[in-house]
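Asker: I would like to see how this sequence folds:
(4 chains)
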2 protein chains.
Amino acid sequence: MQQPSPAPRKATGRPPRISREEVVDTARRIVTEEGVERLTMRRLASEVGSTPMALYHHVRNKEELLVLLLDDHAARTLRPTELPSEPRERVVAAAAAIHEALCACPWIVEVLTADDLMSTHALWFVEQLVDGLVDCGLSLERAVQGYRAIWYYTAGEIVVRTTAARRRAGNDRPTYREQVFAGLDADEYPRLAQVADRWEPLTAQDTYRDGLRALVAGLLAAH
Amino acid sequence: MQQPSPAPRKATGRPPRISREEVVDTARRIVTEEGVERLTMRRLASEVGSTPMALYHHVRNKEELLVLLLDDHAARTLRPTELPSEPRERVVAAAAAIHEALCACPWIVEVLTADDLMSTHALWFVEQLVDGLVDCGLSLERAVQGYRAIWYYTAGEIVVRTTAARRRAGNDRPTYREQVFAGLDADEYPRLAQVADRWEPLTAQDTYRDGLRALVAGLLAAH
DNA sequence: GCTACTTTCCTTACATGTATAAAAACTCGC
DNA sequence: GCGAGTTTTTATACATGTAAGGAAAGTAGC
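Answerer: Coordinates of the predicted model:
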């Protein structure tokens, strides 16, 4: 789609009036200023001074646009930094860095699930993750499996939590969860009944890192 | 929304011509026969002999309809069964049962993230999960945190894998992942380059249970 | 300059979820 | 039977993503 810079750039055909970069930049501006829900193809088109369908020559569809936005975000926030040298801590830190970067733009939820590998700009962290697992004694295959488990956990945490938050924001009616807890049979579900009133604060806590550490520990303990 | 049976059922207002149950049943038929992508509100309306907007009196919106479908599915497949008595195995088995049930209808992905608690009909398994963790020696708080970690991991696995599969099905152009691997710098990312050609088969494997066991082990090891 | 070709852009059209407001169909008090 | 009230159904309309086909704007060969 987009050649590396030294590509000779064939000078034929109608010259473009907008560029992919311009599209992505404008989209990012709209998203950061007004939120992702205001990003529509029509709005974006008028903002770059074009028509909706013209965008589709620079972007396959809206989803790809969001992927590009995510990539853009990753490029800005995810820089190779100092990671702990101790391999296990390196794994935790790399995963946490990815997690943190993703949490910062919760709108990517729709896209997050795009692939089992993240954007180019997160590759370095993925490398650190896999490498760290290998340094901990896992085989390469095991390390990749471990990475995927960590990615599942991370993606799931973000997706579940941000959609839950989004739901809470928009709706004032009782949650499905509240309904469930309300009609809970304490004889049949003693444990759940026991925590019913504490569920809200309990699930509000950010326990990502705890779970991550547990997962990593478990992955390593399996030899 | 839906009262328990002994509710006196006020007999006032225009009598309904369709019921929520009928709507859900028809929706399920469409989904199982032709796939979720064929389930549109118009189609569903014409199938039950009504108009699109009439559906909205029995269902808040399409998403709620999907949640109901999921609940319906859970009710059919998730029955309390024999679980291992050993608590750790019970936890694994309960999570795996939920996972399996969800994998059977991959279309719920859009809905899966709805809440951090599943449908009523999965409650029994959640109870077993939390109870098993407590029996393993965790405090109740820790057990709930553990349940949530397991849920994140499970939801993430399903969401990521089914969207990846869906993408593969619809598109013949190269994946983002393939593009990334193609232009991989082996010096900068030695580990990833090392597994680049094995990535496809590696990620095709079903490693849910392995990761699950690792996670549970890690959660328990944290005392 | 003219024709062929290529790339980008624009117009139109459609499917979809759903908001809004009105109409329809019933019960109840009289 | 009649108006008031309530619930369900309908008609209409809008915003959105995007498919399809053609128009515009350039280059290359002649």
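Asker: DNA strand D contacts on chain A?
Answerer: A:11-15, A:39-43, A:52-53, A:56, A:61-63 (Cβ under 7 Å from any atom of the strand). Just so you know, the C-beta spots here come from the backbone N, C-alpha and C atoms, and that holds for glycine as well.
Asker: Which of those sits closest to DNA strand C?
Answerer: A:Gly13 (1.9 Å; Cβ to the nearest atom of the strand).
Asker: Provide the backbone phi and psi angles at that closest one.
Answerer: Main-chain dihedrals, A:Gly13, degrees, to the nearest 10: phi 80, psi 170.
Asker: ok, and the most crowded of the residues of chain A next to DNA strand D?
Answerer: A:Leu39 (21 neighbours; other Cβ atoms under 10 Å in any protein chain shown).
Asker: Surely it is in contact with A:Ala27?
Answerer: Yes. Counting by Cβ atoms under 8 Å, A:Ala27 is a contact partner of A:Leu39 at 6.0 Å.
Asker: so which of the residues of chain A next to DNA strand D also contact DNA strand C?
Answerer: A:Thr12, A:Gly13, A:Arg14, A:Pro15, A:Pro52, A:Met53.
Asker: Could you list which of those residues belong to helices?
Answerer: By the criterion of DSSP state H, membership of those in helices covers A:Pro52, A:Met53.
Asker: Tell me the one of the ones next to DNA strand C among the residues of chain A next to DNA strand D nearest A:Tyr152?
Answerer: Closest approach between those and A:Tyr152, by Cβ to Cβ: A:Pro52, at 35.9 Å.
Asker: doesn't A:Met41 make contact with that closest one?
Answerer: Yes. The criterion here is Cβ under 8 Å, and A:Pro52 meets it with A:Met41 at 4.7 Å.
Asker: What is the nearest of the ones next to DNA strand C among the residues of chain A next to DNA strand D to chain B?
Answerer: A:Met53 (20.0 Å; Cβ to the nearest Cβ).
Asker: Skip the chain neighbours and tell me the closest residue to whatever residue of chain A ends up closest to chain B.
Answerer: Nearest residue of chain A to chain B: A:Gly156, at 2.5 Å (Cβ to the nearest Cβ). With Cβ to Cβ, 6 or more residues apart in numbering or on different chains as the criterion, A:Gly156 has its nearest non-adjacent residue at 2.5 Å, and that residue is B:Gly156.
Asker: Which of the helices or strands spans that neighbour?
Answerer: In the assignment (DSSP states H and E), B:Gly156 maps to helix B:140-170.
Asker: On the three-state scheme, A:His58 is what?
Answerer: coil (DSSP: H, G, I helix; E, B strand; the rest coil).
Asker: just A:Trp124 next, same as before
Answerer: Quick answer, by three-state DSSP: A:Trp124 is helix.
Asker: got the contact list for it?
Answerer: A:Trp124 makes contact with A:Leu78, A:Pro80, B:Glu188, B:Tyr189 under the criterion Cβ atoms under 8 Å, 6 or more residues apart in numbering or on different chains.
Asker: Help me confirm that the last one comes into contact with A:Phe125.
Answerer: This points to B:Tyr189. No. Assessed by Cβ under 8 Å, B:Tyr189 is found out of contact with A:Phe125, at 10.6 Å.
Asker: Now do the helix holding B:Gly156 and helix A:140-170, the angle between them.
Answerer: If you take axes from the mean of the first three to the mean of the last three Cα atoms, to 10 degrees, helix B:140-170 sits at 100 degrees to helix A:140-170.
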